[in-house]
Every structure is written in C-alpha cells, then in structure tokens.
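A.B. asks: how would this look folded up:
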Amino acid sequence: MQKQLELTVPRMTRMHSQWDWLCLSLLIISSVTAEIEDGGVLGADVEVEDFDEESQQADVDKEESSLGVVYQTPKPTGDVYFAEPFDGELTGWVLSKAKKEDTDDTIAKYDGRWEVEELKENTVPGDKGLVLKSAAKHHAISAMLTKAFIFDKKPLIVQYEVNFQGGIDCGGAYIKLLSSTDDLDLEFFFDKTPYTIMFGPDKCGEDYKLHFIIRHRNPKTGEYDEKHAKRPDVDLKKFYLDKKTHLYTLVLKPDDTFEMLIDQSVISKGSLLEDMVPPVNPPKEIDDPTDKKPDDWDERPKIPDPNAVKPDDWDEDEPSKIEDLDAVKPEGWLDYEPQYVPDPSAKKPKDWDEEMDGEWEAPQVPNPKCATAPGCGLWVRPMKNNPKYKGKWKAPMIPNPNYQGIWSPRKIPNPDYFEDPHPFEMMTPISAIGLELWSMTSDIYFDNFIICSEKEVADRWAADGWGLKKLVASANEPGMFSQLVTAAEDHPWLWVLYVLTLALPVGLGVLFCWPAKKTDEDFDLKKTDISMPVTKGGVKQGREELEDDEIDLEEEKENEDIGEDGKMKRRELEETEGQFIEDTNKMGRKAPPSEDESKYGEDDDEENEVAGRSQEEGDETNKSGSEDEMTAADEIAGSGDGPLKSVRKRRVQKD
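C.D. replies: Numbering: from 1, shown residues only. As a prediction, the model looks like this:
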C-alpha cells in the first residue's frame with residue numbers, strides 16, 4: 001500500500017506540472033490576442049457615451065436596411081437650432097464672394113469648389129454630403145440657423161460628420177459658429193468674420209489637432225480674445241488617415257464645462273475656467289513694468305575662487321599635440337613620388353580657348369604607384385597627445401557669498417483684472433454656421449450637421465446617419481485573416497506572434513493527447529500487485545526485523561531527545577507492526593496445510609537461508625540509498641509479500 005502511495009506522488013506531480021503549462025499557455029495566447037485587439041484602439045483611456053435604448057434599436061433597424069441598400073434621410077426628433085443632411089439641393093447655403101486679407105491676389109479669392117455627392121468608398125445609396133473639391137484654394141460657405149442660440153440655461157450640442165476620403169496633408173475640417181451681429185452678411189463671410197465658437201479637426205504636417213476655441217469678451221475693455229482648449233491626451237492620427245467617416249461632437253454646458261467626442265467617445269473634457277489657454281480670467285497681479293533690476297544684483301550662484309593661485313609648474317604654452325619621436329618611417333615609402341599625378345588619359349577639349357580659358361591642364365588623379373606602397377611624398381612624423389599639456393589655467397569655482405538669487409520684478413495689482421464666474425452666460429449668441437477652410441487635399445466630406453440642446457436628439461440623429469455609415473463600413477471591411485496579413489506587412493515582427501500563437505495549441509495537443517511511455521515505477525506497481533504466497537520463514541524473518549527495530553528505537557530514545565520526529569517514527573512503526581500481524585494472521589488462516597509435517601524444519605531452514613540472502617542484499621541497498629534496488633533484491637529473493645517489503649523499506653528510511 002505504501003509503495004502504491006509513493007508511486008502515485010510522482011504521477012500527481014507530473015499532472016500538476018502539465019496543468020501549470022496549460023494555464024501559462026492560455027495566458028500567453030490571451031495576452032497576444034489582447035495586444036492585437038488593442039492595436040486598433042486609442043493609446044489613452046476614453047469614456048464611451050452609450051446610445052440610449054431608442055438609438056440602439058435604430059441601429060438594428062438600419063443594419064437590416066443596409067443589407068437591402070435602403071436609406072432614409074434623417075429627421076430631427078426634437079427641438080433643434082439647425083439640421084442639415086445634404087440629401088437634397090444645397091438650399092440655404094451661401095457661397096462667399098469675399099477676398100482673404102493680407103494674401104496674394106492670385107489665391108485671395110474664396111473660389112474653392114463645393115459639391116453635394118455620395119461617398120467614394122462604403123457608399124450608402126441616397127446618402128449624400130457636402131464635399132470640398134478643390135485643393136490649394138480658399139473655401140467659404142455658410143448658412144443661417146433656424147433660430148439663434150442664446151447662452152442661458154440650456155447646453156449647446158454641435159455635431160457633424162467628416163471623412164478625409166483622400167487622406168489629409170495640410171488642411172482643416174472645422175466649423176465656425178458665427179456671432180449674431182447687425183452687420184452679418186454671409187456673402188462676405190471670410191476669416192475675419194466674428195465667430196463665437198470654432199470646433200473641429202485640423203492637421204498640418206505631423207500636427208494633429210482637434211480645435212475648440214471660444215471668443216471671450218473682456219467686460220472691462222470690450223475686446224474679444226481667443227481662448228483655446230488644452231490639447232487632448234489622445235493620439236488623433238488614425239481619425240485623419242483611415243478614410244472612414246467619423247462623428248465629431250461638442251457639448252458645452254451651462255455649468256461652464258465642456259466635452260469633445262469623436263465617434264461618441266470622450267476625447268477631452270474640462271472647464272472654461274480652468275482648461276483654456278490663456279485663462280478666461282486674467283491674474284490678479286502682474287509684474288511691475290517699471291521695476292528694474294539693480295546694477296549690483298548678483299545672480300551668480302558660483303564664482304572663481306579669488307584666493308586660488310596658478311601652480312608654478314603650470315605651463316600654458318605647452319601644445320596639445322607633439323610629434324611622436326618613436327615613430328619610424330615605414331619600409332617602402334616612396335619619398336619622391338607625388339600623391340597625385342596628371343591623368344594620362346585626359347585630353348584637352350576641342351572647344352578649349354587658351355586665350356579665354358587659360359592654359360589647359362590635365363585633371364589630377366591618385367598616383368597608381370602609391371596604391372601598392374605604404375605612402376608617397378615627404379614622410380612626416382605622426383602627432384600624439386602631449387602628456388605635459390594642461391591648457392589655460394582657471395581658478396576653481398566656489399559658492400558665491402553674495403548670491404542674491406534670480407531677480408524678478410515686483411508684483412502689482414493687475415489694472416485689467418476682472419472675474420467672469422460664468423463665461424458660458426457671457427458668450428455671444430450664435431445665428432449662423434460656416435466653413436472657412438484652406439486645404440492642400442481635396443474630397444473632404446461633410447455631412448449631417450445638427451445644433452441642439454438635448455443629447456437624445458443628437459444621438460438619434462447620429463444613429464440614423466453616421467450609425468448607418470458605420471455599419472456599411474464594417475460590413476465591407478476585409479476578414480480577420482486579411483487584417484492580420486496587412487498588419488504583419490506594416491509590422492513584420494507580428495509574424496513571430498502569429499507563429500507562436502499557432503504553435504502553442506499544436507504543442508499542447510501533442511503533449512496531452514500523445515500516449516505516455518510506461519515508466520519503471522508503473523511496471524513495479526503492477527508487479528507488486530501480484531499476490532505471492534507467504535511462507536513461515538518469511539513471517540519469522542519479518543517478526544525478527546520488527547523486534548530489532550523496536551530495540552533500536554528504544555535505545556535512541558534513551559540516548560537522545562528525539563522530539564516530534566521520533567514520536568512520529570515510533571507511531572508509524574507501531575502501526576506497521578499491527579498491520580503486519582493482522583495481514584499475517586489473515587494469510588495464515590487462508591494458507592493450505594502442509595502435506596508433510598516432517599519437512600517443516602527443512603522448509604524453515606531453506607526459508608531462513610533465502611531470508612539471509614535477502615538481508616545481505618538489503619544491506620547493500622542501504623549503502624547505495626536506492627529504494628528501487630531494494631525492491632529488485634526482494635523480488636530476486638522470492639519474498640513477494642507486501643507487508644515484509646514495507647517493513648524493510650521503513651528500515652532503510654530509518655537508517
């Protein structure tokens with residue numbers, strides 16, 4: 001029984017090891033999958049604005065419609081200040097006739113062309129948008145709102161779609177919300193036309209921006225200053241280069257907070273009072289412009305030590321390089337051969353005029369004789385560093401005892417200071433929307449403008465327009481295999497991950513499904529399970545060994561303090577002895593009677609002789625310390641009974 005337990009432990013260990021490898025492999029596969037999936041996600045955390053239940057149901061309906069290529073013009077479901085899906089004629093929009101100031105007359109006109117047309121890729125039949133068609137030209141187009149928006153108790157929500165169909169080199173796709181003024185004329189809309197808010201994407205070179213600019217009125221001077229929102233901490237590059245339609249949303253709330261969203265994910269948020277540059281409210285104190293730094297103000301933290309003296313052996317005239325006197329001219333040096341010689345194959349051009357061009361000389365080429373020699377011309381000793389060179393002596397630096405710190409002018413109260421606790425309420429009302437753009441790239445697509453105050457209205461509008469475009473684009477995307485190959489072409493190191501991801505499941509399948517090789521331990525376990533007859537000599541020998549173990553244990557107990565380990569050995573020995581006696585009695589009752597009682601003595605002597613040989617082989621096994629060899633010796637001796645083997649093994653462990 002004990003032998004079976006000892007053989008079971010290694011099996012359990014191997015099983016635990018295999019399960020550990022399985023868990024580790026699954027963890028690696030999960031990590032690789034997460035890496036690939038995260039490659040298409042933004043490099044910063046964003047908050048996702050969920051659609052309401054009504055918008056989600058609309059997405060499902062539109063998905064069914066997209067399969068049938070059916071499109072319906074979105075209609076606002078609530079109160080709006082402006083809504084334009086561009087599905088009909090371009091009514092209400094006015095092209096500018098103005099000229100851009102401070103610009104060359106050849107490009108000053110706003111003569112860029114606009115068209116209403118469908119997307120080039122992922123087209124939704126019937127869904128059209130406003131497209132900027134001209135490159136390297138100024139464009140300006142605007143439209144009046146249905147009703148003016150006044151900044152009071154309702155939030156302002158501005159939302160529209162942009163698709164850079166041909167990518168973007170340098171240009172913008174932002175909109176301007178024009179201020180309500182008495183002299184507003186859309187036919188002369190240009191870059192200097194007053195606006196209240198500017199919002200949208202802009203890019204030039206590798207600078208990717210998402211503008212949110214407000215024009216804030218100074219209540220003391222009446223002048224307007226531009227305040228820019230701090231740049232988002234998100235990489236915006238993918239939105240400009242993936243040639244997909246993206247949804248841009250601005251939410252400006254009466255509590256002076258704002259949110260900027262792309263595809264209904266929050267890209268940036270903040271406060272008009274804390275996250276605008278320059279701040280809406282100026283500082284209370286400013287530097288005194290009349291304050292001047294005193295002439296004796298010492299800003300030097302360290303100065304040369306005035307008490308330092310140049311050492312007497314300091315020679316400032318020593319050169320940094322000197323000739324190496326140990327150098328020897330290489331053998332074979334051609335002293336009288338020049339490094340360059342006239343090209344013997346050169347010929348004077350036929351049109352060479354010596355009166356105008358001077359005497360013709362053949363161009364110089366490297367001397368071919370110098371190619372096989374160490375060098376040509378006058379040999380000069382090489383230069384080496386001068387060990388005596390120290391350079392110009394300078395006094396060491398010490399802390400300046402007169403150091404007064406960095407001077408700064410004194411502060412005075414800011415004469416232009418004001419405090420606007422609620423800049424939202426002080427913003428100029430809006431009465432028109434306009435696009436005033438310059439772009440080096442054409443085919444910039446705009447669609448589904450909406451200005452409202454209810455988030456549910458904007459979400460439903462997005463679901464009916466941008467949501468349908470997103471579903472069509474997703475349906476037209478290449479399969480996962482094509483995406484993986486494309487990604488690997490851009491990043492070749494991904495092939496290593498692909499190979500590992502495929503090899504791990506195959507290796508695990510072979511590891512767990514391939515038949516295991518039978519070990520010696522399994523063979524011994526099956527071999528010892530075979531029942532063997534118990535002889536009287538074996539019983540007698542086992543009892544003598546038990547008595548010897550008890551005597552040895554008592555001597556150890558008398559000579560030293562055995563502690564807990566000794567108690568456990570004693571307890572195990574007693575249990576083994578009881579089990580041995582019980583098994584012996586059972587097997588003794590079942591053993592058949594001897595046919596010849598007179599032969600008992602001979603059998604007993606023969607068994608004792610066999611047991612003696614087993615004991616000698618057991619002693620050799622104790623010297624080698626191998627339990628497997630002990631088992632083999634027992635089998636050779638013919639004593640196959642389980643209890644006697646257990647006693648011998650226990651004796652070996654005790655020794």
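A.B. asks: from here on, contacts and neighbour counts on C-alpha atoms
C.D. replies: Noted.
A.B. asks: can you list contacts of stretch 80-92?
C.D. replies: The list of residues contacting stretch 80-92 from outside it, by Cα atoms under 8 Å, 6 or more residues apart in numbering, reads 73-74, 76, 116, 126-130, 143-149, 447-453.
A.B. asks: Just read off the phi/psi values of residue 312.
C.D. replies: The phi and psi torsions at residue 312 (degrees, to the nearest 10) take the values phi -70, psi -30.
A.B. asks: er, residue 239 actually
C.D. replies: Dihedral angles phi and psi of residue 239 (degrees, to the nearest 10) take the values phi -70, psi -20.
A.B. asks: Can you give me the neighbour number for it?
C.D. replies: As a burial measure, residue 239 scores 20 neighbours (other Cα atoms under 10 Å).
A.B. asks: if I look at it, how far off is residue 245?
C.D. replies: Distance from residue 239 to residue 245, counting by Cα to Cα, to the nearest Å: 9 Å.
A.B. asks: Ok, residue 224 next?
C.D. replies: With Cα to Cα as the criterion, residue 224 and residue 245 are 34 Å apart.
A.B. asks: Also residue 442?
C.D. replies: Using Cα to Cα, we find residue 442 at a distance of 15 Å from residue 245.
A.B. asks: who's more crowded, those two?
C.D. replies: Between residue 442 and residue 245, counted using other Cα under 10 Å, the more crowded position is residue 245 (25 against 22).
A.B. asks: Could I get the pLDDT score of the more buried one?
C.D. replies: Confidence at residue 245, expressed as pLDDT, is 93.
A.B. asks: what sits against it?
C.D. replies: Residues in contact with residue 245 (Cα under 8 Å, 6+ apart) are 161-164, 466, 469-470.
A.B. asks: now it: how far from residue 447?
C.D. replies: When Cα to Cα is the yardstick, residue 245 and residue 447 sit 9 Å from each other.
A.B. asks: what touches both of these two?
C.D. replies: Residues touching both residue 245 and residue 447 (Cα under 8 Å, 6+ apart): 161-162.
A.B. asks: Show me how to select, in PyMOL, the buried members of the contacts of stretch 80-92.
C.D. replies: Buried residues within these, as defined by 16 or more other Cα atoms under 10 Å, are selected in PyMOL through the command that follows:
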select buried, resi 73+74+76+116+127+128+129+130+143+144+145+149+447+448+449+450+451+452+453
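A.B. asks: Okay, and which of the contacts of residue 245 map to strands?
C.D. replies: Cross-referencing these against strands under DSSP state E gives 161-164.
A.B. asks: would you turn those into JSON lines with distance to residue 334 and neighbour count?
C.D. replies: Formatted as JSON lines, the entries for those read as follows, by distance: Cα to Cα, whole Å; neighbours: other Cα atoms under 10 Å:
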{"residue": "161", "distance to residue 334": "79", "neighbour count": "23"}
{"residue": "162", "distance to residue 334": "75", "neighbour count": "26"}
{"residue": "163", "distance to residue 334": "73", "neighbour count": "25"}
{"residue": "164", "distance to residue 334": "70", "neighbour count": "23"}
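A.B. asks: which strands and helices sit next to the helix or strand harbouring residue 261?
C.D. replies: Under the criterion of DSSP states H and E, residue 261 resides in strand 257-262. Helices and strands touching strand 257-262, as assessed by 3 or more Cα pairs under 8 Å, 6 or more residues apart in numbering; DSSP states H and E, comprise strand 246-252, strand 265-271.
A.B. asks: Now do the SS call for residue 94.
C.D. replies: strand (DSSP: H, G, I helix; E, B strand; the rest coil).
A.B. asks: my guess is it contacts residue 114, does it?
C.D. replies: No - with contacts defined as Cα atoms under 8 Å, residue 94 does not count as touching residue 114, sitting 11.1 Å away.
A.B. asks: any weak-confidence spans in the protein?
C.D. replies: When the per-residue scores of the chain are filtered using pLDDT under 70, the ranges that remain are 1-69, 478-483, 485-491, 514-570, 572-574, 576-655.
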